[in-house]
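Below are the sequence and a predicted model for it; my questions follow.
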Amino acid sequence: MSNFYNPNSSSFFVPGSKASFRLSRTKIDLFLSCPRCFYLDRRLGVARPPGFPFSLNNAVDLLLKKEFDIHRAAGTQHPLMKAYGLNLVPFQHEKMDEWRDARRRGIKYLHTETNLIVGGGIDDIWVDKDNEISIVDYKATAKSGEITLDEEWKDSYKRQMEVYQWLFRKNGFKVNDTGYFVYCNGDFDKEAFDGKLEFDVKILPYKGDDGWVEKTIIDAHKCLMQDSIPQMSEGCDYCRYREAVKKFDK
């Protein structure tokens, strides 16, 4: 069954219906980036061209999960946690694998006002002695200089963190405003490759504010309910491309 939005579907408007529409964390970010592209994607089924898979990043994610899972099973701190003075350990929960699996929609919450099931796959969760959890996201890159969260394009990382904080709060968890990015930066200053790539691994704290999430979900729902395609978004490369093609495709 297609997951494209259909406002004429009677099941969507039936209170308590199981035929709710799924809205992922990435699609929320798409809506904020460009309502027109979001509408074309979720309402009309015309998605943006897919990007290339980041296989190396995926490998880093998988290895980090395996590494932290060793300490999760043992109930011990990872050396990085000790190095940064964090009184946290990896969170043990029966749904941990489900929350990590984006194909199973990860952590989910039914937003009853819109009948949208909001969800997303997390990387990790840490917990303190008071059972307050912190959302953790793994990132990998290779650049010279200090790694920070200051670049404007990393605002999407921050929104990602805040959506997950909102989701876990809606699922009844006590969530710390401060989440953590485990950032792996590939070291290309070595004299030789020698068949391996070494990383400098750091923990970057981020104090989130999920106050925007609820309104954005409602606004995204209103966008989907429109019968007309939203106007072209200023600054959207995809919109500009489509408009440029129209001039020569007549």
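Arrived safely.

Geometrically speaking, which residue is the centre of this protein?
Q160 (4.1 Å; Cα atoms, centre = their mean).

what packs against the helix or strand encompassing that one?
Element membership for Q160 (DSSP states H and E) is helix 155-170. Using 3 or more Cβ pairs under 8 Å, 6 or more residues apart in numbering; DSSP states H and E, the elements in contact with helix 155-170 are helix 25-33, strand 107-111, strand 116-120, strand 133-141, strand 178-186, helix 213-225. All C-beta atoms are positioned from the backbone trio N, CA, C, and that covers glycine.

just the angle between that helix and strand 133-141, please?
160 degrees (axes from the mean of the first three to the mean of the last three Cα atoms, to 10 degrees).

And the average pLDDT for helix 155-170 is what?
The average pLDDT within helix 155-170 is 96.

Start at 403, not 1
Right, with 403 as the first residue, what we last looked at is helix 557-572.

Enumerate the positions of it that are buried.
With burial defined by 16 or more other Cβ atoms under 10 Å, the residues of helix 557-572 counted as buried are 559-570, 572.

So which of these is the closest to Y585?
Distance to Y585 across the buried residues of helix 557-572 (Cβ to Cβ) is lowest for Y559, with 9.9 Å.

Contacts only, for that closest one.
By Cβ atoms under 8 Å, 6 or more residues apart in numbering, Y559 lies in contact with 539, 541, 551, 583.

just C586 next, same as before
By Cβ under 8 Å, 6+ apart, the contact set of C586 is 462, 466, 540-543, 601-603.

Could you pick out the one among those with the lowest pLDDT?
F601 (82).

Now do the longest helix along the chain: which elements does it pack against?
Using DSSP state H to define each element, the chain has its longest helix at helix 457-476. On a contact count with 3+ Cβ pairs under 8 Å, 6+ apart, helix 457-476 meets strand 491-492, strand 526-529, strand 535-543, strand 580-588.

switch to 6 Å and redo it
Counting contacts by 3 or more Cβ pairs under 6 Å, 6 or more residues apart in numbering; DSSP states H and E, helix 457-476 packs against strand 491-492, strand 535-543.

Point out where this structure drops to low pLDDT.
Within the chain, the segments meeting pLDDT under 70 span 403-421, 652.

Which ChimeraX command selects the buried ones in the contacts of C586?
In ChimeraX, selecting the buried portion of the contacts of C586, with burial taken from 16+ other Cβ under 10 Å, looks like this:
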select :462,466,540,541,542,601,603
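
and which of the contacts of C586 is nearest A646?
T543 (31.2 Å).

in the sheet, who's paired with that closest one?
N587 (DSSP bridges).

follow-up on the earlier one: and the longest helix of the chain, what's buried?
Under the neighbour-count criterion of 16+ other Cβ under 10 Å, helix 457-476 has 462-463, 466-467, 469-470, 473-474 buried.

How about stretch 538-554?
Across stretch 538-554, burial judged by 16+ other Cβ under 10 Å covers 538-542, 549.

so which of those comes closest to F423?
Nearest to F423 out of the buried residues of stretch 538-554 is D539 (Cβ to Cβ; 25.5 Å).

The closest one against Y582, yeah?
No - at 7.6 Å, D539 does not count as touching Y582 under the criterion of Cβ atoms under 6 Å.
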